[in-house]
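K.L.:
what follows is a predicted protein model with its sequence.
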Amino acid sequence: MKKTDLKVVPFVQPAEYYFEKGKKSLDAGDLKNAREYLARANQLERKNTDILFHLAMVLTELSQYEQSNEMLHQILSMTEPGWVECYFYLGKNYLLLAEFEQSVDNLIQFIENCDEDNELLVEAEELVSIIQQELVESEDIYLEDEDDDELILHLDMGLQLLHQNEIDKAILIFKEIIELYGDVLPAHNNLALCYLYLGQEEEALIYLEKILRIEPTNLNAICIFFSILKRIGNVFKTYKTLEMLWQVKPLNADQAVTLAATLALAGEYRTSYKWFKYFDHQSRFEDYKFYFWFAKAAYFTDHHAEAEKLFEKMLSKFPNKTIAPPWEQALPFEHEELVPIKSSDYELSIRLATLYFTLKGTEADKQEIIQFYRTNSFPISKYEQKLLDQLENMPCEPLFVSEVAYRIEVVYENNFEKGTQVIMEWFEIFVQYDEQICELPDVTVWAAVADYLFHKQNNLPMSRKQVANLHEVAPELLNEQLEKYFDFTKRI
(Lines give C-alpha, C1' and ligand atoms only; values in the text may rest on other atoms or scores of the structure.)
Protein backbone atom coordinates (compact mmCIF):
# COMPACT_ATOMS: atom_id res chain seq x y z
CA MET A 1 0.00 0.00 0.00
CA LYS A 2 1.37 3.38 -0.98
CA LYS A 3 2.01 5.67 1.91
CA THR A 4 0.21 8.98 1.51
CA ASP A 5 1.92 12.11 2.74
CA LEU A 6 -0.32 14.01 5.14
CA LYS A 7 -0.20 17.78 5.20
CA VAL A 8 -0.83 19.28 8.63
CA VAL A 9 -2.72 22.53 8.42
CA PRO A 10 -2.50 24.65 11.59
CA PHE A 11 -5.90 25.73 12.89
CA VAL A 12 -5.83 29.36 14.03
CA GLN A 13 -9.02 31.04 15.13
CA PRO A 14 -9.53 34.65 13.95
CA ALA A 15 -9.40 37.63 16.29
CA GLU A 16 -13.21 37.94 16.19
CA TYR A 17 -13.53 34.48 17.77
CA TYR A 18 -11.42 35.40 20.80
CA PHE A 19 -13.06 38.84 20.97
CA GLU A 20 -16.53 37.32 21.31
CA LYS A 21 -15.27 34.79 23.88
CA GLY A 22 -13.67 37.63 25.83
CA LYS A 23 -16.83 39.73 25.83
CA LYS A 24 -18.94 36.81 27.00
CA SER A 25 -16.48 36.09 29.83
CA LEU A 26 -16.50 39.77 30.81
CA ASP A 27 -20.31 39.87 30.88
CA ALA A 28 -20.32 36.80 33.12
CA GLY A 29 -17.78 38.35 35.52
CA ASP A 30 -15.00 35.88 34.59
CA LEU A 31 -12.24 38.47 34.42
CA LYS A 32 -9.31 36.06 34.17
CA ASN A 33 -10.59 34.37 31.01
CA ALA A 34 -11.82 37.69 29.63
CA ARG A 35 -8.30 39.12 29.87
CA GLU A 36 -6.75 36.04 28.23
CA TYR A 37 -9.21 35.95 25.33
CA LEU A 38 -9.05 39.70 24.69
CA ALA A 39 -5.24 39.75 24.91
CA ARG A 40 -5.14 36.96 22.31
CA ALA A 41 -7.56 38.88 20.07
CA ASN A 42 -5.36 41.97 20.42
CA GLN A 43 -2.28 39.97 19.38
CA LEU A 44 -4.05 38.87 16.20
CA GLU A 45 -5.50 42.29 15.38
CA ARG A 46 -3.41 45.07 16.90
CA LYS A 47 -5.31 48.04 15.51
CA ASN A 48 -8.84 47.00 16.46
CA THR A 49 -10.02 49.75 18.82
CA ASP A 50 -13.05 47.74 20.01
CA ILE A 51 -10.76 44.96 21.24
CA LEU A 52 -8.42 47.48 22.89
CA PHE A 53 -11.32 49.20 24.64
CA HIS A 54 -12.75 45.99 26.09
CA LEU A 55 -9.29 44.91 27.20
CA ALA A 56 -8.86 48.27 28.93
CA MET A 57 -12.17 47.74 30.77
CA VAL A 58 -11.04 44.29 31.96
CA LEU A 59 -7.69 45.66 33.15
CA THR A 60 -9.54 48.33 35.14
CA GLU A 61 -11.70 45.64 36.79
CA LEU A 62 -8.49 43.77 37.67
CA SER A 63 -7.11 46.97 39.30
CA GLN A 64 -4.41 47.27 36.61
CA TYR A 65 -5.17 50.94 36.08
CA GLU A 66 -1.87 52.01 34.52
CA GLN A 67 -2.02 49.24 31.90
CA SER A 68 -5.64 50.17 31.20
CA ASN A 69 -4.60 53.78 30.68
CA GLU A 70 -1.97 52.69 28.17
CA MET A 71 -4.68 50.99 26.13
CA LEU A 72 -6.98 54.02 26.33
CA HIS A 73 -4.20 56.43 25.26
CA GLN A 74 -3.42 54.06 22.39
CA ILE A 75 -7.05 54.21 21.23
CA LEU A 76 -7.00 58.02 21.36
CA SER A 77 -3.86 58.09 19.21
CA MET A 78 -5.49 55.80 16.63
CA THR A 79 -8.85 57.56 16.25
CA GLU A 80 -9.62 60.92 14.67
CA PRO A 81 -11.32 62.64 16.33
CA GLY A 82 -10.48 60.88 19.55
CA TRP A 83 -12.82 58.25 21.02
CA VAL A 84 -14.25 60.64 23.58
CA GLU A 85 -15.39 57.95 26.09
CA CYS A 86 -11.72 57.09 26.60
CA TYR A 87 -11.29 60.38 28.46
CA PHE A 88 -14.06 59.38 30.85
CA TYR A 89 -12.45 56.05 31.71
CA LEU A 90 -9.00 57.63 31.92
CA GLY A 91 -10.50 60.03 34.47
CA LYS A 92 -11.87 57.14 36.53
CA ASN A 93 -8.57 55.24 36.36
CA TYR A 94 -6.54 58.26 37.44
CA LEU A 95 -8.99 58.75 40.30
CA LEU A 96 -8.29 55.20 41.48
CA LEU A 97 -4.57 55.90 41.16
CA ALA A 98 -5.11 58.93 43.46
CA GLU A 99 -3.84 61.22 40.68
CA PHE A 100 -6.65 63.71 41.13
CA GLU A 101 -5.51 66.53 38.86
CA GLN A 102 -5.09 64.19 35.89
CA SER A 103 -8.44 62.64 36.73
CA VAL A 104 -10.19 66.01 36.64
CA ASP A 105 -8.36 67.05 33.43
CA ASN A 106 -9.52 63.94 31.57
CA LEU A 107 -13.07 64.14 32.89
CA ILE A 108 -13.31 67.79 31.83
CA GLN A 109 -11.95 66.83 28.40
CA PHE A 110 -14.77 64.29 28.17
CA ILE A 111 -17.43 66.76 29.34
CA GLU A 112 -16.34 69.39 26.84
CA ASN A 113 -16.24 67.04 23.84
CA CYS A 114 -19.05 64.52 24.38
CA ASP A 115 -22.58 64.86 23.01
CA GLU A 116 -25.18 66.42 25.29
CA ASP A 117 -27.16 63.17 25.43
CA ASN A 118 -24.14 60.98 26.29
CA GLU A 119 -25.27 58.71 29.15
CA LEU A 120 -21.89 59.10 30.93
CA LEU A 121 -22.09 62.90 31.08
CA VAL A 122 -23.97 63.14 34.39
CA GLU A 123 -21.57 60.76 36.16
CA ALA A 124 -18.56 62.67 34.80
CA GLU A 125 -19.91 65.96 36.13
CA GLU A 126 -20.65 64.36 39.51
CA LEU A 127 -17.13 62.92 39.70
CA VAL A 128 -15.52 66.28 38.99
CA SER A 129 -17.67 67.87 41.69
CA ILE A 130 -16.86 65.11 44.22
CA ILE A 131 -13.11 65.23 43.57
CA GLN A 132 -12.94 69.01 43.84
CA GLN A 133 -15.02 68.96 47.02
CA GLU A 134 -12.89 66.19 48.52
CA LEU A 135 -9.68 68.08 47.76
CA VAL A 136 -11.04 71.13 49.57
CA GLU A 137 -12.26 69.11 52.55
CA SER A 138 -9.01 67.17 52.84
CA GLU A 139 -7.20 70.49 53.37
CA ASP A 140 -9.38 71.72 56.20
CA ILE A 141 -10.98 68.48 57.59
CA TYR A 142 -14.43 70.08 57.31
CA LEU A 143 -13.40 73.19 59.20
CA GLU A 144 -13.95 76.71 57.97
CA ASP A 145 -10.78 77.90 59.72
CA GLU A 146 -7.87 75.57 59.05
CA ASP A 147 -5.79 77.41 61.66
CA ASP A 148 -8.13 76.51 64.49
CA ASP A 149 -5.46 74.61 66.40
CA GLU A 150 -7.58 74.34 69.54
CA LEU A 151 -10.29 72.40 67.73
CA ILE A 152 -7.74 70.07 66.12
CA LEU A 153 -6.19 69.44 69.53
CA HIS A 154 -9.62 68.59 70.94
CA LEU A 155 -10.23 66.10 68.14
CA ASP A 156 -6.82 64.50 68.64
CA MET A 157 -7.42 64.26 72.39
CA GLY A 158 -10.76 62.53 71.84
CA LEU A 159 -9.23 60.10 69.34
CA GLN A 160 -6.41 59.21 71.74
CA LEU A 161 -8.95 58.44 74.46
CA LEU A 162 -10.97 56.38 71.99
CA HIS A 163 -7.89 54.35 70.97
CA GLN A 164 -7.00 53.84 74.65
CA ASN A 165 -10.51 52.43 75.22
CA GLU A 166 -11.42 55.37 77.48
CA ILE A 167 -14.80 55.51 75.79
CA ASP A 168 -16.74 57.52 78.36
CA LYS A 169 -14.05 60.23 78.48
CA ALA A 170 -13.87 60.33 74.67
CA ILE A 171 -17.66 60.85 74.49
CA LEU A 172 -17.39 63.87 76.77
CA ILE A 173 -14.68 65.41 74.57
CA PHE A 174 -16.59 64.90 71.29
CA LYS A 175 -19.83 66.24 72.78
CA GLU A 176 -17.93 69.29 74.04
CA ILE A 177 -16.58 69.85 70.51
CA ILE A 178 -20.11 69.83 69.06
CA GLU A 179 -21.32 72.17 71.80
CA LEU A 180 -18.47 74.64 71.20
CA TYR A 181 -18.02 74.42 67.44
CA GLY A 182 -21.32 73.16 66.02
CA ASP A 183 -21.74 70.28 63.58
CA VAL A 184 -18.14 69.16 63.14
CA LEU A 185 -18.60 65.93 61.21
CA PRO A 186 -15.51 64.10 62.56
CA ALA A 187 -16.89 64.61 66.08
CA HIS A 188 -20.25 63.10 65.10
CA ASN A 189 -18.46 60.23 63.37
CA ASN A 190 -16.32 59.46 66.40
CA LEU A 191 -19.31 59.67 68.73
CA ALA A 192 -21.01 57.04 66.60
CA LEU A 193 -17.93 54.85 66.95
CA CYS A 194 -17.91 55.33 70.73
CA TYR A 195 -21.52 54.22 71.09
CA LEU A 196 -20.92 51.33 68.73
CA TYR A 197 -18.05 50.09 70.93
CA LEU A 198 -20.34 50.39 73.96
CA GLY A 199 -22.96 48.26 72.21
CA GLN A 200 -25.43 51.16 72.04
CA GLU A 201 -26.26 50.80 68.34
CA GLU A 202 -29.42 52.92 68.38
CA GLU A 203 -27.52 55.87 69.87
CA ALA A 204 -24.77 55.44 67.25
CA LEU A 205 -27.37 55.46 64.45
CA ILE A 206 -28.66 58.86 65.60
CA TYR A 207 -25.26 60.47 64.97
CA LEU A 208 -24.67 58.57 61.72
CA GLU A 209 -28.05 59.57 60.29
CA LYS A 210 -27.27 63.21 61.08
CA ILE A 211 -23.93 62.93 59.24
CA LEU A 212 -25.60 61.35 56.20
CA ARG A 213 -28.26 64.07 56.12
CA ILE A 214 -25.50 66.68 55.95
CA GLU A 215 -23.19 64.67 53.67
CA PRO A 216 -24.83 61.62 52.03
CA THR A 217 -21.52 60.43 50.52
CA ASN A 218 -19.54 60.38 53.78
CA LEU A 219 -17.69 57.07 53.42
CA ASN A 220 -16.86 56.47 57.09
CA ALA A 221 -20.46 57.12 58.13
CA ILE A 222 -21.86 54.79 55.43
CA CYS A 223 -19.49 51.99 56.45
CA ILE A 224 -20.27 52.25 60.17
CA PHE A 225 -23.98 52.61 59.37
CA PHE A 226 -23.87 49.38 57.36
CA SER A 227 -22.03 47.39 60.04
CA ILE A 228 -24.61 48.42 62.66
CA LEU A 229 -27.59 47.61 60.44
CA LYS A 230 -26.10 44.21 59.68
CA ARG A 231 -25.47 43.51 63.37
CA ILE A 232 -29.04 44.37 64.40
CA GLY A 233 -30.54 42.45 61.45
CA ASN A 234 -32.20 45.34 59.63
CA VAL A 235 -32.35 43.67 56.21
CA PHE A 236 -34.30 46.32 54.31
CA LYS A 237 -31.98 49.18 55.22
CA THR A 238 -28.94 46.90 54.94
CA TYR A 239 -29.65 46.24 51.28
CA LYS A 240 -30.24 49.94 50.65
CA THR A 241 -26.95 50.84 52.36
CA LEU A 242 -25.14 48.10 50.44
CA GLU A 243 -26.33 49.79 47.24
CA MET A 244 -24.70 53.00 48.52
CA LEU A 245 -21.45 51.14 49.17
CA TRP A 246 -21.41 49.79 45.61
CA GLN A 247 -21.57 53.39 44.34
CA VAL A 248 -18.85 54.82 46.64
CA LYS A 249 -15.64 56.00 44.97
CA PRO A 250 -12.74 56.12 47.49
CA LEU A 251 -10.32 58.96 46.84
CA ASN A 252 -7.34 57.76 48.88
CA ALA A 253 -5.82 54.62 50.38
CA ASP A 254 -7.36 54.95 53.84
CA GLN A 255 -10.86 55.43 52.43
CA ALA A 256 -10.36 52.43 50.15
CA VAL A 257 -9.30 50.21 53.06
CA THR A 258 -12.31 51.31 55.13
CA LEU A 259 -14.58 50.51 52.20
CA ALA A 260 -12.82 47.19 51.52
CA ALA A 261 -13.23 46.01 55.12
CA THR A 262 -16.94 46.87 55.10
CA LEU A 263 -17.47 45.10 51.79
CA ALA A 264 -15.73 42.03 53.19
CA LEU A 265 -18.11 42.17 56.15
CA ALA A 266 -20.94 42.25 53.60
CA GLY A 267 -19.58 39.22 51.77
CA GLU A 268 -18.75 41.31 48.69
CA TYR A 269 -15.33 39.69 48.50
CA ARG A 270 -14.50 40.34 44.85
CA THR A 271 -14.83 44.13 45.16
CA SER A 272 -13.32 44.11 48.65
CA TYR A 273 -10.21 42.26 47.47
CA LYS A 274 -9.82 44.67 44.56
CA TRP A 275 -9.64 47.69 46.89
CA PHE A 276 -7.42 45.93 49.43
CA LYS A 277 -5.04 44.69 46.77
CA TYR A 278 -4.51 47.98 45.07
CA PHE A 279 -4.22 50.25 48.09
CA ASP A 280 -2.64 48.08 50.78
CA HIS A 281 0.88 49.39 50.05
CA GLN A 282 -0.34 52.99 50.35
CA SER A 283 -2.46 52.66 53.49
CA ARG A 284 -1.39 53.90 56.91
CA PHE A 285 -3.59 51.33 58.67
CA GLU A 286 -1.77 49.33 61.33
CA ASP A 287 -4.68 47.46 62.84
CA TYR A 288 -5.32 43.74 63.19
CA LYS A 289 -8.72 44.24 61.55
CA PHE A 290 -6.98 45.38 58.36
CA TYR A 291 -5.17 42.03 58.04
CA PHE A 292 -8.20 40.06 59.22
CA TRP A 293 -10.60 41.42 56.58
CA PHE A 294 -7.94 41.49 53.85
CA ALA A 295 -7.25 37.80 54.56
CA LYS A 296 -10.97 36.99 54.44
CA ALA A 297 -11.45 38.80 51.13
CA ALA A 298 -8.40 37.03 49.69
CA TYR A 299 -9.57 33.59 50.82
CA PHE A 300 -13.08 33.91 49.38
CA THR A 301 -11.68 35.05 46.01
CA ASP A 302 -9.58 31.86 45.84
CA HIS A 303 -6.27 33.49 46.86
CA HIS A 304 -5.80 30.95 49.65
CA ALA A 305 -1.99 31.15 49.98
CA GLU A 306 -2.11 34.95 50.19
CA ALA A 307 -4.91 34.76 52.77
CA GLU A 308 -2.86 32.46 54.99
CA LYS A 309 0.18 34.76 54.76
CA LEU A 310 -1.94 37.78 55.70
CA PHE A 311 -3.41 35.96 58.68
CA GLU A 312 0.06 34.84 59.81
CA LYS A 313 1.25 38.45 59.51
CA MET A 314 -1.67 39.58 61.67
CA LEU A 315 -0.76 37.04 64.37
CA SER A 316 2.92 38.06 64.31
CA LYS A 317 2.10 41.78 64.57
CA PHE A 318 -0.66 41.30 67.16
CA PRO A 319 0.27 38.18 69.20
CA ASN A 320 -2.43 38.90 71.79
CA LYS A 321 -5.15 38.27 69.20
CA THR A 322 -5.92 34.59 69.59
CA ILE A 323 -8.70 34.22 67.04
CA ALA A 324 -9.51 31.63 64.42
CA PRO A 325 -8.82 32.33 60.73
CA PRO A 326 -11.62 34.45 59.21
CA TRP A 327 -12.61 31.74 56.72
CA GLU A 328 -13.44 29.42 59.63
CA GLN A 329 -15.83 31.93 61.16
CA ALA A 330 -19.09 33.48 59.88
CA LEU A 331 -20.50 32.52 56.52
CA PRO A 332 -20.67 35.12 53.74
CA PHE A 333 -23.38 37.78 54.05
CA GLU A 334 -25.53 36.23 51.35
CA HIS A 335 -25.97 33.08 53.48
CA GLU A 336 -26.35 34.66 56.89
CA GLU A 337 -29.55 35.33 58.80
CA LEU A 338 -32.10 37.54 57.08
CA VAL A 339 -34.30 39.12 59.73
CA PRO A 340 -36.71 41.79 58.49
CA ILE A 341 -37.15 45.23 60.01
CA LYS A 342 -40.49 45.55 61.79
CA SER A 343 -42.12 47.86 59.24
CA SER A 344 -44.35 47.46 56.20
CA ASP A 345 -43.68 50.89 54.73
CA TYR A 346 -40.78 49.90 52.49
CA GLU A 347 -41.47 49.62 48.79
CA LEU A 348 -42.96 46.38 47.58
CA SER A 349 -39.96 45.45 45.44
CA ILE A 350 -37.69 45.44 48.52
CA ARG A 351 -40.18 43.33 50.49
CA LEU A 352 -40.49 40.83 47.65
CA ALA A 353 -36.71 40.62 47.32
CA THR A 354 -36.36 39.97 51.04
CA LEU A 355 -38.96 37.18 50.88
CA TYR A 356 -37.17 35.67 47.88
CA PHE A 357 -33.78 35.65 49.60
CA THR A 358 -35.35 34.33 52.81
CA LEU A 359 -36.50 31.25 50.87
CA LYS A 360 -32.80 30.34 50.73
CA GLY A 361 -32.25 30.94 54.44
CA THR A 362 -32.56 28.73 57.48
CA GLU A 363 -35.82 27.48 58.96
CA ALA A 364 -35.42 30.06 61.74
CA ASP A 365 -35.17 32.84 59.12
CA LYS A 366 -38.39 31.63 57.48
CA GLN A 367 -40.31 31.39 60.75
CA GLU A 368 -39.22 34.90 61.77
CA ILE A 369 -40.53 36.52 58.63
CA ILE A 370 -43.73 34.43 58.68
CA GLN A 371 -44.36 35.57 62.25
CA PHE A 372 -43.72 39.18 61.24
CA TYR A 373 -46.43 39.03 58.55
CA ARG A 374 -48.85 37.20 60.85
CA THR A 375 -48.58 39.75 63.65
CA ASN A 376 -48.98 42.83 61.43
CA SER A 377 -52.32 43.81 59.93
CA PHE A 378 -51.08 45.83 56.93
CA PRO A 379 -52.39 44.79 53.48
CA ILE A 380 -49.99 42.61 51.48
CA SER A 381 -49.80 41.97 47.75
CA LYS A 382 -50.84 38.70 46.14
CA TYR A 383 -47.18 38.03 45.31
CA GLU A 384 -46.11 38.45 48.93
CA GLN A 385 -48.83 35.99 49.89
CA LYS A 386 -47.61 33.44 47.34
CA LEU A 387 -44.03 33.76 48.54
CA LEU A 388 -45.24 33.38 52.12
CA ASP A 389 -47.09 30.21 51.06
CA GLN A 390 -43.80 28.90 49.70
CA LEU A 391 -42.07 29.77 52.99
CA GLU A 392 -44.70 27.69 54.80
CA ASN A 393 -44.16 24.80 52.35
CA MET A 394 -47.71 25.03 51.08
CA PRO A 395 -48.36 23.51 47.63
CA CYS A 396 -48.40 26.21 44.96
CA GLU A 397 -47.50 26.80 41.35
CA PRO A 398 -43.95 28.04 40.56
CA LEU A 399 -43.83 31.84 40.73
CA PHE A 400 -42.74 33.61 37.55
CA VAL A 401 -41.12 36.43 39.53
CA SER A 402 -38.97 33.94 41.44
CA GLU A 403 -38.07 31.96 38.33
CA VAL A 404 -36.66 35.08 36.66
CA ALA A 405 -34.69 35.98 39.79
CA TYR A 406 -33.28 32.46 39.91
CA ARG A 407 -32.33 32.65 36.22
CA ILE A 408 -30.33 35.82 36.98
CA GLU A 409 -28.63 34.02 39.86
CA VAL A 410 -27.56 31.24 37.51
CA VAL A 411 -26.16 33.64 34.91
CA TYR A 412 -24.18 35.52 37.58
CA GLU A 413 -23.23 32.57 39.76
CA ASN A 414 -19.59 33.76 39.74
CA ASN A 415 -20.43 37.40 40.45
CA PHE A 416 -22.78 37.60 43.45
CA GLU A 417 -22.52 41.39 43.78
CA LYS A 418 -23.68 42.10 40.25
CA GLY A 419 -26.26 39.32 40.31
CA THR A 420 -27.87 40.75 43.44
CA GLN A 421 -28.11 44.20 41.88
CA VAL A 422 -29.72 42.82 38.72
CA ILE A 423 -32.19 40.81 40.84
CA MET A 424 -33.14 43.98 42.73
CA GLU A 425 -33.66 45.69 39.35
CA TRP A 426 -35.92 42.80 38.28
CA PHE A 427 -38.16 43.10 41.33
CA GLU A 428 -38.56 46.84 40.68
CA ILE A 429 -39.53 46.13 37.05
CA PHE A 430 -41.95 43.40 38.12
CA VAL A 431 -43.77 45.58 40.63
CA GLN A 432 -44.11 48.37 38.07
CA TYR A 433 -45.10 46.20 35.11
CA ASP A 434 -46.67 43.04 36.55
CA GLU A 435 -49.95 43.02 34.59
CA GLN A 436 -48.19 43.37 31.21
CA ILE A 437 -45.59 40.71 32.04
CA CYS A 438 -48.24 38.07 31.36
CA GLU A 439 -48.07 39.02 27.67
CA LEU A 440 -44.69 37.30 27.37
CA PRO A 441 -44.10 34.82 30.20
CA ASP A 442 -40.54 34.00 29.09
CA VAL A 443 -38.12 33.69 31.99
CA THR A 444 -34.90 34.15 30.00
CA VAL A 445 -36.19 37.20 28.09
CA TRP A 446 -37.24 38.99 31.27
CA ALA A 447 -33.92 38.14 32.95
CA ALA A 448 -32.19 39.74 29.96
CA VAL A 449 -34.50 42.79 30.12
CA ALA A 450 -33.65 43.34 33.80
CA ASP A 451 -29.95 42.93 33.08
CA TYR A 452 -29.98 45.43 30.20
CA LEU A 453 -31.98 48.01 32.18
CA PHE A 454 -29.64 47.63 35.16
CA HIS A 455 -26.62 48.39 32.95
CA LYS A 456 -28.37 51.25 31.16
CA GLN A 457 -29.58 52.96 34.34
CA ASN A 458 -26.15 52.68 35.97
CA ASN A 459 -24.27 53.92 32.88
CA LEU A 460 -22.41 50.61 32.52
CA PRO A 461 -21.18 49.60 29.07
CA MET A 462 -23.19 46.62 27.79
CA SER A 463 -25.05 46.49 24.48
CA ARG A 464 -28.34 44.74 23.80
CA LYS A 465 -26.48 42.18 21.71
CA GLN A 466 -24.07 41.43 24.56
CA VAL A 467 -26.96 40.99 27.01
CA ALA A 468 -28.79 38.72 24.59
CA ASN A 469 -25.68 36.58 24.12
CA LEU A 470 -25.07 36.35 27.86
CA HIS A 471 -28.62 35.18 28.55
CA GLU A 472 -28.81 33.06 25.39
CA VAL A 473 -31.92 34.74 24.01
CA ALA A 474 -32.64 35.90 20.48
CA PRO A 475 -31.71 39.62 20.12
CA GLU A 476 -35.01 40.33 18.35
CA LEU A 477 -36.97 38.97 21.34
CA LEU A 478 -35.01 41.15 23.74
CA ASN A 479 -35.50 44.22 21.51
CA GLU A 480 -39.24 43.51 21.20
CA GLN A 481 -39.79 43.29 24.95
CA LEU A 482 -37.59 46.31 25.69
CA GLU A 483 -39.60 48.41 23.25
CA LYS A 484 -42.84 47.25 24.91
CA TYR A 485 -41.40 48.16 28.30
CA PHE A 486 -40.27 51.62 27.16
CA ASP A 487 -43.67 52.30 25.59
CA PHE A 488 -45.34 51.26 28.84
CA THR A 489 -43.14 53.49 31.02
CA LYS A 490 -43.96 56.49 28.80
CA ARG A 491 -47.66 56.01 29.55
CA ILE A 492 -47.39 55.89 33.35
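P.N.:
Right, received. Where do you want to start?
K.L.:
and the strands in the protein?
P.N.:
In the chain, no strands are found when defined by DSSP state E.
K.L.:
average model confidence for the longest helix seen in the chain?
P.N.:
Using DSSP state H, we find that the single longest helix of the chain is helix 416-437. The average of the pLDDT scores along helix 416-437 is 76.
K.L.:
and it, what does it pack onto?
P.N.:
Other helices and strands packing on helix 416-437, by 3 or more C-beta pairs under 8 Å, 6 or more residues apart in numbering; DSSP states H and E, are helix 235-247, helix 269-279, helix 348-358, helix 400-411, helix 443-457, helix 475-491. Where C-beta positions appear, they are placed from N, C-alpha and C, glycine not excepted.
K.L.:
what residues of that helix count as buried?
P.N.:
Of the residues in helix 416-437, those buried by neighbour count under the rule 16 or more other C-beta atoms under 10 Å are 416-431, 433, 437.
K.L.:
just checking, residue 359 touches residue 387?
P.N.:
Yes. Contact criterion C-beta atoms under 8 Å: residue 359 and residue 387 qualify, at 7.2 Å.
K.L.:
so between these two, which is more surrounded?
P.N.:
residue 387 (25 against 17; other C-beta atoms under 10 Å).
K.L.:
next, the contact list for the more buried one, please.
P.N.:
Residue 387 sits next to 352, 355, 356, 359, 399, 402 when contact means C-beta atoms under 8 Å, 6 or more residues apart in numbering.
K.L.:
nearest residue to the fifth one other than its sequence neighbours?
P.N.:
Taking C-beta to C-beta, 6 or more residues apart in numbering as the measure, residue 399 lies nearest to residue 386, with 5.6 Å between them; neighbours along the chain are not counted.
K.L.:
count of neighbours near the one you found?
P.N.:
19.
K.L.:
dump the contacts of residue 387 into CSV; add pLDDT and distance to residue 466 as well.
P.N.:
Shown next, in CSV, are these (pLDDT from 0 to 100; distance: C-beta to C-beta, whole Å):
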residue, pLDDT, distance to residue 466
352, 82, 28
355, 83, 31
356, 84, 26
359, 79, 30
399, 80, 28
402, 86, 26
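K.L.:
what is the nearest of those to residue 268?
P.N.:
For the contacts of residue 387, the residue nearest residue 268 by C-beta to C-beta is residue 356; the value is 18.9 Å.
K.L.:
burial check on the closest one, number of neighbours?
P.N.:
By the measure other C-beta under 10 Å, the count of residues near residue 356 is 21.
K.L.:
confidence score at the nearest residue to residue 290 once chain neighbours are set aside?
P.N.:
Closest residue to residue 290 apart from its sequence neighbours, by C-beta to C-beta, 6+ apart: residue 257 at 6.3 Å. You'll see residue 257 listed with a pLDDT of 77.
K.L.:
any idea how far residue 257 lies from residue 324?
P.N.:
22 Å (C-beta to C-beta, to the nearest Å).
K.L.:
okay, those two: which has more neighbours?
P.N.:
Each of residue 257 and residue 324 has its neighbours counted (other C-beta under 10 Å); residue 257 has more, 24 against 8.
K.L.:
how about residue 183, phi and psi?
P.N.:
phi -80, psi 80 (degrees, to the nearest 10).
K.L.:
with residue 413 instead?
P.N.:
phi -60, psi -20.
K.L.:
right, and it touches residue 420 too?
P.N.:
No. In this structure, residue 413 is not within contact of residue 420 by C-beta under 8 Å, at 11.9 Å.
K.L.:
low-confidence bits of the stretch 201-350 of the chain, can you list those?
P.N.:
Filtered on pLDDT under 70, the stretch 201-350 of the chain yields the residue ranges 230-240, 242-243, 246-249, 251-254, 278-287, 321-322, 328-347.
K.L.:
sorry, wrong one. I was asking about the stretch 1-150 of the chain.
P.N.:
Looking along the stretch 1-150 of the chain with the criterion set at pLDDT under 70, you get 1-12, 80-82, 132-149.
K.L.:
show me where it has helices.
P.N.:
In the stretch 1-150 of the chain, the segments counted as helices under DSSP state H, counting those that start in this stretch are 15-27, 31-44, 49-61, 65-78, 85-96, 100-113, 121-140, 149-163.
K.L.:
and of those, who's closest to residue 449?
P.N.:
Using C-beta to C-beta, the nearest of the helices of the stretch 1-150 of the chain to residue 449 is helix 15-27, at 15.2 Å.
K.L.:
which helices and strands sit right next to the closest one?
P.N.:
Right, helix 15-27 is packed against helix 31-44, helix 49-61, helix 464-471 by 3+ C-beta pairs under 8 Å, 6+ apart.
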